[in-house]
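Participant: predicted model, plus sequence, below.
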Amino acid sequence: MKKYLWIPIFLISVIALDLGWVAAFERPLFAIKDDSDSVDIKYFGLFYDVVDCFESETKILSKGSKYACPTSSVTELAPMIMVDGTLYVYSGMWHEIAKCGVMDGEITSHVSSKIVPYTDNQANFTGVSGYQFGSNHTIEIPMDGKWMIFVTEEKLKSYESYPLVDDLPEIRGADKTILVCYEGTLYAKSYACVDVMITGEPNGYIEMLVPSYLVPVLDNETNQSELYMAPVYGKGTNSSILLDVNGVYELFEKVDE
């Protein structure tokens, strides 16, 4: 009889090992993954099954247990990513500035486009693998030859308090839709052409973007992606400043508010 004692001991050990693997890696040691198009992920194991409904906790089930993920009527959400415990949402803004190819982090998991990411380095969209930290606490992700800008939900909500470009009166001699805020002063792109050669270091840079339909209100902020990270020459108290836009100097005139 003793010669068969190893069989239950072996089974108990394998079951315990499988449960430990489930607890550590959220899938059984010996498992088949269900690759259906459903929003949940199922792993069918020898002793335990695992169901991930993209909730805060993975469901660990004993073999043969029944569990159905709740159906969701939520429509597709905006692209989102979670980094360092903070949720970032696509702002609708982007730029095409060439950047260093070294990523600050990698997207390691994905959820459905109808689900809000709930763990670090997780996104609810596909087609990208890495991200970089941008200026002013943004996340920038390369896609289709440009950089998508993601901001926190708090920042996205703050845009609701910004003035609208449509509400600005027409500006004589300047384009009211192309704006920068620099050292507390609002400037609009002048229709006048300039032909200058400037030497020396710039006084500053345009480091933040807001959607094009908004009026910039914070220092070093613009509503045009082509002005993002442009060097600024001149002081914000002047009636005009110059921006170096891809090697071309453009004149911006102070907006009288």
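Facilitator: Yep, it's here.
Participant: so what pLDDT did the most centrally placed residue in the chain get?
Facilitator: Nearest to the geometric centre of the chain sits residue 150, at 3.3 Å (CA atoms, centre = their mean). pLDDT recorded at residue 150 is 95.
Participant: do the same with residue 20
Facilitator: For residue 20, the model assigns a pLDDT of 71.
Participant: so it is in which element?
Facilitator: Applying DSSP states H and E as the criterion places residue 20 in helix 6-25.
Participant: buried residues in stretch 246-257?
Facilitator: 249-255 (16 or more other CB atoms under 10 Å). Every C-beta, even on glycine, is put in place using the N, C-alpha and C of the backbone.
Participant: could those go into TSV alongside distance to residue 166, secondary structure and pLDDT?
Facilitator: Below are the buried residues of stretch 246-257 laid out as TSV (distance: CB to CB, whole Å; DSSP: H, G, I helix; E, B strand; the rest coil; pLDDT from 0 to 100):
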residue	distance to residue 166	secondary structure	pLDDT
249	29	strand	92
250	23	strand	94
251	24	strand	94
252	20	strand	96
253	20	strand	95
254	21	strand	94
255	15	coil	93
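Participant: among these, which one lies nearest to residue 130?
Facilitator: Ranked by distance to residue 130 (CB to CB), these are led by residue 250 at 32.7 Å.
Participant: tell me which element the residue nearest to the closest one when sequence neighbours are not counted falls in.
Facilitator: In this structure, residue 250 finds its nearest non-sequential neighbour in residue 243, 5.2 Å apart by CB to CB, 6 or more residues apart in numbering. Counting by DSSP H and E, the element that carries residue 243 is strand 240-245.
Participant: setting aside sequence neighbours, what's the nearest residue to residue 149?
Facilitator: residue 93 (4.5 Å).
Participant: ok, that neighbour touching residue 213?
Facilitator: No - counting by CB atoms under 8 Å, residue 213 is not a contact partner of residue 93; they are 11.1 Å apart.
Participant: between these two, which has more neighbouring residues?
Facilitator: residue 93 (21 against 13; other CB atoms under 10 Å).
Participant: kindly provide the distance from the more buried one to residue 224.
Facilitator: 10 Å (CB to CB, to the nearest Å).
Participant: tell me the domain ranges of the protein?
Facilitator: For the chain, automatic domain parsing gives the domain ranges 2-62, 80-158, 162-254.
Participant: could you tell me the least trusted of those?
Facilitator: domain 2-62 (a mean of 67).
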